[in-house]
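Undergrad: Pasted the sequence and its predicted model underneath.
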Amino acid sequence: MEKLNFVVTWGEDKTRAWSGTYYSIHQALEKYYDIADFDTIEPNCFANVYAKILLKLGLRKDDFNVRYILKNRKHYENRLSGKIFQFTEFIQDRPSRQTYIYQDLSVPYLYYLARTNSRELIYSGFDSVDSKAMKRRCNLQMDYYRSAAGILYMGRWMTEFMRREYPQLNDKIHHVGAGINLDYKKIRPSTEKRNNRILFVGRDFKRKGGEKVIEAFKLLKGKVPDLELHVAGPSVDPMQTPTDGYHFYGDISYDKVQELMNMCDLFCMPSYFEAYGLVFIEALVFGLPCIGRNCCEMPYFIEEGITGELVDTDDASELAGKISKILQNEDYRRNVVQRRDSYIKEYSWDAVASRMANIIG
């Protein structure tokens, strides 16, 4: 079995790093390669007196991980050969090695948003990055991309953007998708489904459109007295005041998420920005029609009018109408359940690893 160097930042718990993605890929690739782990080197960002002063003043300049990347490049410069799999552009191609990178988002895309003053940049969470640091990191990533043997993306939307904007990289860019981290073997469809339970799961409540979901819920509640909204993810209850039919769970385990997906009738998360949004496909696997926003990867997950709906505006009444439409039409759920096997086949980590192996060789 051929060796594959796996360069990653594991952190304290391997199973939870990048929401379990690193661990899932590692496990799936073990079927194809003899995996050799290499943990990244953390930089000492505050080694000099000037940086310490800035830190005390709360004025530390964000270099967007540039020092982190450069320190790892120096560390691994002459240490690794053969095929290398990584998630950040730490190690560049050399005659003695081939490098492959797997990402959900590219810095060139963020830099594009910064240059076009897009509102999307604010919701991406990268709007506070210094413009010079953004440009420097973009150049650093493009420098790596040009040398890479393969650039693998989770999403079709990201793949299409990069191919469109950087056609010179087309032979290196590949869409390989991502796999669900929930256990589809734990699907237990409730016999008590009443077509009245809305589910929202997301830690970043504002970015993921949670405020609009609450607005839409309040609009519908007067017309549908038994309507319920179940919210999981945020550490603080966004509603605060007790409301009939509203249930808040906080940051919960995968097991609890699966329990809620088995219980609810509709997944609603009109996110303003999602690098990928795997929770949508997890909801679909568990038989829930979905409502998302018509951007990023969401239109690729959701077949509008068939397995869910997409919103185009911030109008809570539009969202309320979509929610009502799905809850009143059993065809949405039937369509989703009928596609379960194809979802599992397309969005399993085994399938993703197979696509990766075909590219890496």
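TA: Yep, it's here.

Undergrad: got a list of what residue 228 touches?
TA: Residue 228 makes contact with 196-198, 245-247 under the criterion Cβ atoms under 8 Å, 6 or more residues apart in numbering. (Each C-beta comes from the backbone N, C-alpha and C, glycine too.)

Undergrad: For it, grab phi and psi.
TA: phi -130, psi 140 (degrees, to the nearest 10).

Undergrad: Bridged to it, which residues?
TA: Beta-bridge partners recorded for residue 228 (DSSP bridges): residue 197.

Undergrad: Tell me how far it lies from residue 175.
TA: The gap separating residue 228 from residue 175 is 37 Å, by Cβ to Cβ, to the nearest Å.

Undergrad: likewise residue 166?
TA: For residue 166, the distance to residue 175 (Cβ to Cβ) stands at 15 Å.

Undergrad: what do you get for residue 34?
TA: 26 Å.

Undergrad: Looking only at neighbour counts, state which of the two leads.
TA: Neighbour count, other Cβ atoms under 10 Å: between residue 34 and residue 175, residue 175 has more, with 17 against 9.

Undergrad: how about that one, what does it touch?
TA: 152-153, 155-156, 159.

Undergrad: at 6 Å instead, please
TA: 153, 156, 159 (Cβ atoms under 6 Å, 6 or more residues apart in numbering).

Undergrad: Could you do residue 156 as well?
TA: Contacts of residue 156 (Cβ under 6 Å, 6+ apart): 175, 300.

Undergrad: where do the strands sit along the protein?
TA: 3-8, 34-39, 82-86, 97-103, 150-153, 173-175, 197-201, 228-232, 246-250, 266-268, 290-293, 308-311 (DSSP state E).

Undergrad: For the longest helix along the chain, the averaged confidence score.
TA: Identified as the longest helix of the chain according to DSSP state H is helix 131-147. What helix 131-147 shows for mean pLDDT is 94.

Undergrad: try stretch 112-128
TA: Here the average pLDDT along stretch 112-128 is 90.

Undergrad: quick one: buried residues of that stretch?
TA: For stretch 112-128, a neighbour-count test (16 or more other Cβ atoms under 10 Å) marks 112-114, 120-121, 123-124, 126 as buried.

Undergrad: could I get that stretch in CSV with only the CA atoms?
TA: The C-alpha coordinates for stretch 112-128 follow below in CSV (Å, rounded to 0.1, in the frame of the first residue of the first chain):
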residue,chain,number,x,y,z
TYR,A,112,-12.6,38.9,-4.5
LEU,A,113,-15.4,39.7,-2.0
ALA,A,114,-13.1,42.3,-0.3
ARG,A,115,-12.4,44.0,-3.6
THR,A,116,-16.1,44.1,-4.6
ASN,A,117,-17.3,45.3,-1.2
SER,A,118,-19.7,42.5,-1.1
ARG,A,119,-22.1,42.1,1.9
GLU,A,120,-21.2,38.5,1.8
LEU,A,121,-17.8,39.2,3.2
ILE,A,122,-19.3,40.5,6.4
TYR,A,123,-21.3,37.3,6.9
SER,A,124,-18.3,35.2,6.0
GLY,A,125,-16.6,36.3,9.2
PHE,A,126,-13.5,37.5,7.4
ASP,A,127,-14.4,41.2,7.1
SER,A,128,-12.2,42.2,10.0
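
Undergrad: tell me the contacts of residue 154?
TA: 104, 178, 276.

Undergrad: now residue 164
TA: Counted by Cβ under 6 Å, 6+ apart, residue 164 has zero contacts.

Undergrad: Repeat that for the one 5 residues further on.
TA: By Cβ under 6 Å, 6+ apart, the contact list for residue 169 reads residue 145.

Undergrad: Would you check how far apart it and residue 151 are?
TA: On the measure of Cβ to Cβ, residue 169 and residue 151 end up 7 Å apart.
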